[in-house]
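# need a structure here:
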Amino acid sequence: MINIKNMTNFVFLVMVITIFVITEPIYASGAIGWHWYNEIVKDKEKKALDKKQLQEIKETEKTKKRTAQEQMAELRQTVEEAKAEAILFPSEQNVYTYLALQNYVVEKAEIFSRVWQKTLLDYPDVNYSVLHPTENNAQHVVYAEQRERENQAIASFRDKYGLFFFYRGGNPLDKELAPAIKAFVAENQLSLIPVTVDGTTLEVFPQTQIDNGRAKKLGITYFPALILVDPINKIVKPLNYGFIAQDELRNRFLQVATGFKEGI
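Residues are numbered from 1 along each chain as shown. I've put the predicted structure just below:
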């Protein structure tokens, strides 16, 4: 059983025990490290190490230091071990040990939380909520700005690009999507050419063209497919494959227009 009066002493004791466990095999095996260095320095019959050798030893010791993740893993293991011991062998001392460790972890978390908040004040450039507020009262403003950017993105394609909708008239998913595409195109005044790839025409698109190898030429193998095409400059931009909601489609225009630098 570990008899501790406060958390600091306990952590120090754990560190001492850990260091002892780690270093004991080094003594036993005569491994090269600080012990080798001390033996040479204390041995008057051997020459002093030159600067290069000292530097090599220091670099070797640096690599032996535990990383923050290793220390965190060790602390987590220590807490879990104390918890298990308190459950399996419930004595006041064991419960006290676990609670002391748990309080130590909670205190560390609280300190981290306070430093987090201070860091956001000192370095607002890393505060995500500055540019992307999540508060309910700000959401309508964020939504309006997002909507306006989407409108501008859609308008940027309106004059130069046409929208091809490759669909399968016999597919239930394509049938479900077709009316939404028609409504979206009408609302945003886009040019649309619907193309059936299985020869079945949907009633919602009576002006449908029969695919004559156009899909294959454009490299389209997944359907339904929405493709932006600039016929003058011969530019093709895939917009979406599969089912998509109208709000998501609006956002997709923004993503494509900005090279996926905007939009979510």
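# Name the residues of stretch 167-179 that are buried.
Of the residues in stretch 167-179, 167, 168, 169, 171, 174, 175, 177, 178 count as buried by neighbour count, 16 or more other Cβ atoms under 10 Å. Heads up, the C-betas are built off the backbone N, CA and C, glycines and all.
# Can you tell me the closest non-neighbouring residue to the fifth one?
Think residue 174. The spatial neighbour of residue 174 that comes closest, neighbours along the chain excluded (Cβ to Cβ, 6 or more residues apart in numbering), is residue 167 at 4.2 Å.
# And the one you found, what's its pLDDT?
With respect to pLDDT, residue 167 scores 98.
# Any idea what it is bridged to?
Beta-bridge pairing for residue 167 (DSSP bridges): residue 196.
# check contacts around it.
Counting by Cβ atoms under 8 Å, 6 or more residues apart in numbering, residue 167 touches 174, 177, 178, 194, 195, 196, 197, 202, 205, 223, 224, 225.
# ranges for the strands of the stretch 101-250 of the chain?
Remark: strands assigned in the stretch 101-250 of the chain by DSSP state E, counting those that start in this stretch are 162-167, 192-196, 209-210, 225-230, 235-241.
# Strand partners (parallel or antiparallel) of the longest one?
Read that as strand 235-241. strand 225-230 (antiparallel).
# Pull the residues that contact the strand it pairs with.
157, 160-167, 181, 215, 218, 220, 235-241, 244, 249, 256.
# So which elements touch the longest helix seen in the chain?
Identified as the longest helix of the chain according to DSSP state H is helix 92-122. Secondary-structure packing of helix 92-122 (3 or more Cβ pairs under 8 Å, 6 or more residues apart in numbering; DSSP states H and E): helix 7-29, helix 68-88.
# For the first one, give the mean pLDDT please.
It stands for helix 7-29. On average, the pLDDT along helix 7-29 is 43.
# what's the answer for the last one, then?
Confidence over helix 68-88 (mean pLDDT, whole number) is 95.
# gap between that helix and the chain center?
Helix 68-88 sits 27 Å away from the centroid of its parent chain (Cα atoms, centre = their mean, to the nearest Å).
# In that helix, which residues are buried?
For helix 68-88, the neighbour count (16+ other Cβ under 10 Å) marks 75, 78, 79, 82, 83, 85, 86 as buried.
# Any chance you could list what contacts that helix?
Taking Cβ under 8 Å, 6+ apart as the rule, helix 68-88 contacts 14, 18, 66, 94, 95, 97, 98, 101, 102, 105.
# got the angle between it and helix 92-122?
Here the directions of helix 68-88 and helix 92-122 differ by 150 degrees (axes from the mean of the first three to the mean of the last three Cα atoms, to 10 degrees).
# In CSV, list the C-alpha atoms belonging to helix 68-88.
What follows is helix 68-88 as a C-alpha-only set of coordinates in CSV (Å, rounded to 0.1, in the frame of the first residue of the first chain):
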residue,chain,number,x,y,z
ALA,A,68,4.3,14.1,-23.2
GLN,A,69,2.2,11.3,-24.7
GLU,A,70,4.3,8.7,-22.8
GLN,A,71,3.9,10.7,-19.6
MET,A,72,0.2,11.0,-20.2
ALA,A,73,-0.2,7.3,-20.8
GLU,A,74,1.8,6.6,-17.6
LEU,A,75,-0.5,8.9,-15.6
ARG,A,76,-3.6,7.3,-17.1
GLN,A,77,-2.3,3.9,-16.3
THR,A,78,-1.4,5.0,-12.7
VAL,A,79,-4.9,6.3,-12.1
GLU,A,80,-6.6,3.2,-13.6
GLU,A,81,-4.4,1.0,-11.5
ALA,A,82,-5.3,2.9,-8.3
LYS,A,83,-9.0,2.7,-9.2
ALA,A,84,-8.7,-1.0,-9.8
GLU,A,85,-6.9,-1.5,-6.5
ALA,A,86,-9.5,0.6,-4.7
ILE,A,87,-12.4,-1.5,-6.1
LEU,A,88,-10.7,-4.9,-5.6
